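*Asks:* this is a predicted model, with the sequence first.
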Amino acid sequence: MLFGITALLVLIVYPLASIVIQAVFPHLFAPQHPNASFDPAALGRVLTSPTDYHMLVDSVALSLGAAIFSSIAGGALAVVLGRTDLPGRGIFAALAWVNLLAPSFLLAEGWTFLLQHGGLLSQFVPEPAWMTNVFSSPWGVGAILALKFYPFAFLTVSAALPWLGGEHEAVARTLGATPGVVWRRIFIPLLIPFLASAATIVFADVLSDFGVAVTVAESHNFPLLTYGIYSSLYDQPTDFAGAGALALLLGVAVAVALVGQLLILRKNRYATIHAGFRPPAPYRLRPKVRIALLAAVIAFFAVAVGAPLGSMLLESFLKGSAYGLVYLKPTLANYAALAGPTAQVAVSALGYSLRLALVTATAALALGTLLAYFGTQGGGATGQFLQGISLWTISVPGIILAAGYVFAWNHRGFELYGTVFALSLCYLAGGLPYVLRFQMGSLTQLDRRLVAAARVQGAGLGAVLTRVVTPLLAEGAVSLWLFVLAGTTFELPASEFLYPPGHPTLAVEVNHFFNTSSYGQGMALAILAAALLITVVLILRLVVRRRLPAAVRAQAPARTF
Amino acid sequence: MQPGFLRRAGALMAGAAVLVGLAGCGGSATPASTAGGATTASSAPAASSSKGQLVIYAAEGYDQAMANAFQAKTGIQVKLSDMSTGPIVTKIEAEGNNPQWDVAWFDGDGTMATLDAQGLLLKGWEPANAANYTALGKSLLPPDQSYAVTGITAAGAIAYNTKYVTAAQAPKTWTDLLQPQWKNAVGMDNPAISGPTFPVVAGFLYGMGMSNGESFFEKLKANGLKVFATNKPTLSALSTGAIKIAIAQDSAEIDAIKKGSPLAIVYPSDGVTMLPSAIGISSHAKDMAAAKEFVNFALSAAGQQVMLTKGGGDSNFAPLIQGEQPNPSRQQTGIRWNLVPAAWQASNYNPVQAWFKAHIVG
């Protein structure tokens, strides 16, 4: 436990504090005459300025809207794919996975290429003038972000669904309840904690979103908090104090969300993984319903996945899509260039990022699961502290954490900053909160009687963790590992700030291509990386499926991943 | 807690730490031994550390080519961090007086001057090749010799879409943009996001005077001015016809033309604001001699040739070294250059940005 707390302090609290504290001690890290004079001017400015108030309100509104939409969409999708006999369930679940793993700056580029004035769509269909306007408005942006993050709700609810056992339904049916009533009065209330937890993560993630905030803010007078942070950090003179103050404001917004989630959880706390469990049978759909549902799901994925990723794929096969001009002449030149000498840097960046991501994902899973275990076994306070820290870290843009790492680890005589070690730790700090939250959610689901029964039989803590907890949470844990792997491989803002000079990461190189208007080549590199990751995903899923204990596999035949 | 578990958990954590450390070793080894090398151009392995090592933070399209050329020529190992000007300056300021960088290179002498004001740059040193500056080049050097200038572009020149506008119809002066036929047809970058654009705005406010300059922009806005984030979206909008006229950095406009956009460039007769590219050395550079050698190389004929040919859009700059010719695609004559003093830019940065955000963007 002590190890865990130290790890959290070193990885997250200390670097974040280094930048946040400058909101009230702005001269702590000044290049000339650093001193610890107390000067809350920046904090006061942020708290009293009407612009910053608008930023807070706009950010919260956007995040809330996206969170609600995501939860409903993701939850509904999970139910449809997890509890019915809709054909192609496996494929749709895989598509949701692709959505989850695709980085948002690439998705944004895909959408831009498709919908911008003169973009891909306008080559085939005369485009109405309002389309580009809506696309970059808060509504459009909120929709795009929700479509990026619904997989959180999908993943959470899907993992929970198989454990909502047939025995609940059987009892209800014998008492005369129709399936509709069973869902309304039993299953949905059981799912509410998972939906709330997913909604909170989406809320925090949308709050921290960077690239989109800049686009919306400057064209629609809808300023967002992250845009404020962006301005503070990149305008001259750099205003670290202001950025720290805004990060604090983000923390406040997130604390409110967390309180909301905790209130919901307090009323709806159910342990659903237990013994004496009967797997639920999938609903058989009537033909008309099946067709309608299939059409709806296909339409949903066409928009969520097909549009941006199809556009990305196409862009990698086109030459000359710089400056908005689209020449519909397919060519392999972008991929061929990757094999040539000029792309040596880019390809080695890919290998570099993958290596770092493998280590980060493994370390995050191990450390996060351990911390989550202590968080759920200890008193409520530990768990809530961990939840709070995780949520705040997720909501703070990567660039702030990275800036914090510079301040925290750039001391003469102990220069961790500038090495790949600092980058790795920052990646770990970025992935850990997701692991913590997800594993804490799963572990809460675990019936304590399982653990107690194991202990009574003489199992030590180690045996409990490895022989009871891990197999039950295995599939979820693998999903988490893959999520951190993909997120780290494509991570941009912190990488740009912290990469050791001379060793760029994948996203830095892709962004470099975009910045020099070589979109086709940038996309080709990104797609190559994605193809590698997908291969890893597929292999891993096969391996895990084979090796899971037969008893656990048999328990949940309707699982989709 | 069982003692056995503690031991195993400890072993697991130690193993994880070793893994992370190994990744660290793998990543930070010299380029010759891993695939992570980004700067080795020559086939020979990286030189030994007795030859020196240089860390460069740069935001120029030719920075990688220059790093490779310098390393090949001198054997000094170069480690490059390439990103846009904003993140570079933030990184430099965050590192404060324990800098990890030796040389910084980006567009904007005004921005470089703010670093000098914080005492982060080496002062009082002039490179040997400064003797080869043109008169214009010499005039751009700061009095405290804290940075050198390696070339200029026009921070903002007018570009028009030839499909919608003929050469005769194109605006010839800045005030032509206020005419009714250009209503809702003009676009520019946002100075808060696009580095080269702040000098454009500063140019008007300095050259016309604050109140005349502000009213010029307000009239532009009343005529339907559209503000985009950076050069790319502005020029994309121009190339696809969403707008007919754009104010953007001329090197980017030339790049768009080279890549097929139907555009032509006009340098208004009342002048364009100069945007010098500045290169500075850290006051705490670890290998001062190597840093100075690099700056000198950037001003040499060999260095300038690399910059003029291997930088993509950024290669379309106007050199300040005698005997160097710009790219043929660059207009050579008839440009009136206006200069906004770096010190004025530095001291007026905040109020001008705030005014622009409140009155023009919002």
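*Replies:* Sure thing, it's come through.

*Asks:* low-confidence ranges, chain B, go.
*Replies:* In the predicted model, chain B carries pLDDT under 70 at residues B:1-51, B:362.

*Asks:* how about the residues of the stretch 151-300 of chain B near chain A?
*Replies:* The stretch 151-300 of chain B comes close to chain A at residues B:190, B:192-193, B:227-229, B:232, B:235-237, B:239-242, B:255-256, B:259-261, as judged by CB under 8 Å from any CB of the partner chain. In short, each C-beta sits where N, CA and C put it, glycine included.

*Asks:* hmm, 10 Å instead?
*Replies:* B:189-193, B:195, B:198, B:226-243, B:252-253, B:255-263, B:283-284 (CB under 10 Å from any CB of the partner chain).

*Asks:* out of those, which are buried?
*Replies:* Neighbour-count burial (16 or more other CB atoms under 10 Å in any protein chain shown) applied to these gives B:189-193, B:195, B:198, B:226-240, B:242-243, B:252-253, B:255-257, B:259, B:261-263, B:283-284.

*Asks:* can you tell me the SS state at B:Ile281?
*Replies:* strand (DSSP: H, G, I helix; E, B strand; the rest coil).

*Asks:* number of nearby residues for A:Leu147?
*Replies:* Residues lying near A:Leu147 (other CB atoms under 10 Å in any protein chain shown) number 22.

*Asks:* in contact with it, which residues?
*Replies:* When contacts are counted by CB atoms under 10 Å, 6 or more residues apart in numbering or on different chains, A:Leu147 is found next to A:66, A:69-70, A:73, A:99, A:107, A:111, A:300, A:303-305, A:307-308.

*Asks:* look up how far chain B lies from it.
*Replies:* 22 Å (CB to the nearest CB, to the nearest Å).

*Asks:* got it, and A:Gln384?
*Replies:* Taking CB to the nearest CB, one finds A:Gln384 at 22 Å from chain B.

*Asks:* counting by contacts, list what the host helix or strand of that residue packs against.
*Replies:* Assigned by DSSP states H and E, A:Gln384 belongs to helix A:380-395. Counting contacts by 3 or more CB pairs under 10 Å, 6 or more residues apart in numbering or on different chains; DSSP states H and E, helix A:380-395 packs against helix A:2-8, helix A:14-20, helix A:188-208, helix A:240-267, helix A:344-377, helix A:420-445.

*Asks:* again, only using 6 Å
*Replies:* helix A:188-208, helix A:240-267, helix A:344-377, helix A:420-445 (3 or more CB pairs under 6 Å, 6 or more residues apart in numbering or on different chains; DSSP states H and E).

*Asks:* between these, which one is nearest to B:Ala113?
*Replies:* helix A:240-267 (19.7 Å; CB to CB).

*Asks:* ranges for the strands of the chain?
*Replies:* This is for chain A. A:410-411, A:414-415 (DSSP state E).

*Asks:* actually chain B
*Replies:* Using DSSP E, strands in chain B cover B:53-58, B:77-82, B:103-107, B:147-154, B:157-161, B:186-189, B:226-228, B:245-248, B:263-266, B:272-281, B:337-338.

*Asks:* could I get those strands as JSON lines with distance to A:Pro193?
*Replies:* Listed next are the strands of chain B as JSON lines, based on distance: least, CB to CB, whole Å:
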{"stretch": "strand B:53-58", "distance to A:Pro193": "47"}
{"stretch": "strand B:77-82", "distance to A:Pro193": "45"}
{"stretch": "strand B:103-107", "distance to A:Pro193": "50"}
{"stretch": "strand B:147-154", "distance to A:Pro193": "57"}
{"stretch": "strand B:157-161", "distance to A:Pro193": "56"}
{"stretch": "strand B:186-189", "distance to A:Pro193": "47"}
{"stretch": "strand B:226-228", "distance to A:Pro193": "44"}
{"stretch": "strand B:245-248", "distance to A:Pro193": "52"}
{"stretch": "strand B:263-266", "distance to A:Pro193": "57"}
{"stretch": "strand B:272-281", "distance to A:Pro193": "56"}
{"stretch": "strand B:337-338", "distance to A:Pro193": "64"}
